[in-house]
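Trainee: show me how the following folds:
(one chain, ligands or ions: 1)
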Amino acid sequence: MPQPLISFDNTEFAFEYKTEKQLKKARFLFSSMGRSWLVKLGTRITPWAIKAGLPIKGIIRSTIFAQFVGGETLEETAVVAKKLGEYNVKVILDYGVEGGDDGEQGFDHATEEFIRVINYAATQSNIPFMSIKVTGFARFTLLEKLDTLMHAAEGTLMKKYLKAIDDLSADEKEEWHRVRVRMMHICETAAKKNVGVLVDAEETWIQDPVDALTILMMDTFNKDKCAVFNTIQLYRHDRLTFLKASYTAAAERNFVLGAKLVRGAYMEKERKRAEEKNYPSPIQPNKESTDRDYDDALRFSIEHIDRISLIVASHNEYSNLLATQLLQEKGLSLSHPHIHWSQLYGMSDNITFNLAHAGCSVSKYLPFGPIKDVIPYLMRRAQENTSVKGQTGRELGLIKKELDRRK
Ligand SMILES: Cc1cc2nc3c(=O)[nH]c(=O)nc-3n(C[C@H](O)[C@H](O)[C@H](O)COP(=O)(O)OP(=O)(O)OC[C@H]3O[C@@H](n4cnc5c(N)ncnc54)[C@H](O)[C@@H]3O)c2cc1C
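Mentor: Predicted coordinates for the structure are as follows:
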């Protein structure tokens with residue numbers, strides 16, 4: 001393996017865009033999230049308190065929201081996006097609605113908001129992508145039903161998908177048709193405006209119809225360039241095989257496969273459900289197997305980089321570095337148009353800003369939306385940052401190092 005091109009230790013680059021006051025606030029937040037009892041309590045109480053209308057929005061806005069979210073509106077978020085652009089850091093805009101419970105009207109509204117995001121992104125030089133969640137414009141229980149029907153069917157993913165639609169009631173067929181129209185509208189607008197659409201992956205029990213729909217969009221819009229990207233969660237033990245099958249489909253149908261590689265954010269929920277419902281867990285047995293498959297997925301994607309447009313979406317330093325080394329081994333440029341790196345806003349600035357300094361195309365995944373809509377996202381961030389071995393220690397160490405350096 002060649003020598004690493006990049007070091008992630010430079011905290012001066014990492015936090016250049018933060019004032020001392022902002023860094024101190026971040027230090028306080030990450031120290032609080034290090035206390036698992038506090039996170040456990042907070043993640044239980046907060047969603048309930050918001051629903052009950054208790055006056056806690058102010059404190060959320062000035063703490064966890066300020067750290068991980070761009071703003072409540074697109075206009076507020078644009079200020080953050082511009083700031084990041086000053087440091088050659090790009091942005092993936094994410095209108096943070098998920099699992100919307102406002103019915104068809106809410107789904108239409110979310111679709112309009114996605115279109116508004118695309119139109120705005122198209123006017124900005126540092127916003128090449130936006131992300132969507134299919135649960136933002138489709139009823140969760142309909143996705144769940146389709147997924148169950150697909151599991152009962154036989155054949156390829158597409159055959160199962162068509163059979164499942166066939167098995168829906170007349171009303172459900174119409175409802176699904178509206179979902180497809182919304183997805184088509186989003187992808188078509190994005191392709192025309194040259195903005196990439198990243199389709200987020202959520203729970204396994206709704207993922208098959210999301211995959212099928214996304215592959216159909218890639219087949220339509222990814223002929224010349226990559227407009228639509230699927231998300232592959234390598235904490236699932238079946239996803240390396242799925243990535244390879246998606247590549248085969250792309251080669252056969254002659255489209256570019258857009259692949260955003262993540263480890264996966266719903267591990268506890270997945271394991272709990274599998275245990276409760278008594279089916280084998282879809283999650284890898286341990287962290288090592290997730291890491292192995294993630295890095296193998298990187299190797300496979302870079303090996304086939306002519307047909308795969310890859311997004312390395314991770315805070316894992318080894319994996320991020322590995323991607324740069326694999327490119328180097330193949331004699332490819334770090335700014336190859338088929339590779340992009342991304343980290344969540346509020347996390348791993350040392351990776352993002354040092355990659356940007358090295359000339360990589362790299363972004364922050366920047367969610368925005370009303371506080372009540374981004375609560376599930378914030379609760380996942382709190383949980384992810386609580387583990388002792390995990391992110392909190394890393395983040396806190398870096399922030400402290402930079403505060404010391406500035407003294
Ligand atoms: C730009 C971007 C977009 C994202 N989009 C999505 C998305 O669409 N869907 C989604 O689900 N997530 C998404 N994520 C979150 C992502 O899945 C991870 O939760 C998060 O990035 C942590 O993983 P990591 O690669 O950064 O690295 P690490 O910190 O090295 O790994 C932590 C991850 O490893 C896995 N893991 C930990 N312990 C175990 C164990 N005992 N057994 C098996 N696996 C284990 C889990 O997935 C855990 O989140 C996104 C992340 C980024 C940066």
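
Trainee: make it CA atoms for all contacts and neighbour counts henceforth
Mentor: Noted.

Trainee: relative to Lys372, how far out is Ala265?
Mentor: Ala265 is 20 Å from Lys372, where distance means C-alpha to C-alpha, to the nearest Å.

Trainee: what's the answer for Cys226, then?
Mentor: As judged by C-alpha to C-alpha, Cys226 and Lys372 stand 33 Å apart.

Trainee: which one's more surrounded, these two?
Mentor: For Cys226 and Lys372, the more surrounded residue by other C-alpha atoms under 10 Å is Cys226, and the numbers stand at 24 against 16.

Trainee: what about the closest residue to Arg307 other than its chain neighbours, how many residues close to it?
Mentor: Distance criterion C-alpha to C-alpha, 6 or more residues apart in numbering; nearest residue to Arg307, sequence neighbours excluded, is Val256 at 5.0 Å. Neighbour count of Val256, defined by other C-alpha under 10 Å: 27.

Trainee: tell me the phi and psi of Val256?
Mentor: Phi and psi for Val256, reported as degrees, to the nearest 10, are phi -90, psi 130.

Trainee: list the contacts of it.
Mentor: Met218, Asn222, Lys223, Asp224, Lys225, Cys226, Ala250, Arg307, Ile308, Ser309 (C-alpha atoms under 8 Å, 6 or more residues apart in numbering).

Trainee: for the stretch 201-350 of the chain, which residues are neighbours of the ligand?
Mentor: Proximity of the stretch 201-350 of the chain to the ligand, by C-alpha under 6 Å from any ligand atom, involves residues 201-202, 231, 235, 262-266, 284-287, 290, 313-316, 342-344.

Trainee: which residues are contacting stretch 135-148?
Mentor: 97-101, 103-104, 106-108, 110-111, 161, 164-165, 168, 172, 176, 179, 182, 205-210.

Trainee: go with 7 Å
Mentor: 97-100, 107-108, 110-111, 164, 179, 205-209 (C-alpha atoms under 7 Å, 6 or more residues apart in numbering).

Trainee: how near is the residue nearest to Arg307 to the ligand?
Mentor: 19 Å (C-alpha to the nearest ligand atom, to the nearest Å).

Trainee: so which bits of stretch 33-50 are buried?
Mentor: Met33, Gly34, Ser36, Val39, Gly42, Thr43, Thr46 (16 or more other C-alpha atoms under 10 Å).

Trainee: is His340 part of a helix or strand, or is it coil?
Mentor: For His340, the assignment made with DSSP: H, G, I helix; E, B strand; the rest coil gives strand.

Trainee: hmm, it is touching Val362, no?
Mentor: Yes. Judged on C-alpha atoms under 7 Å, His340 makes contact with Val362 at a distance of 5.6 Å.

Trainee: before we move on, back to that, in strands, which of the contacts of Val256 appear?
Mentor: Ile308, Ser309 (DSSP state E).

Trainee: out of the contacts of Val256, which end up buried?
Mentor: Buried among those (16+ other C-alpha under 10 Å): Met218, Asn222, Lys225, Cys226, Ala250, Arg307, Ile308, Ser309.

Trainee: who's the closest spatial neighbour of the third one, skipping the chain neighbours?
Mentor: Going back to what we said before, that points to Lys225. Lys225's closest residue in space is Val256 (C-alpha to C-alpha, 6+ apart), at 6.8 Å.

Trainee: any idea how far that neighbour lies from Thr220?
Mentor: 10 Å.
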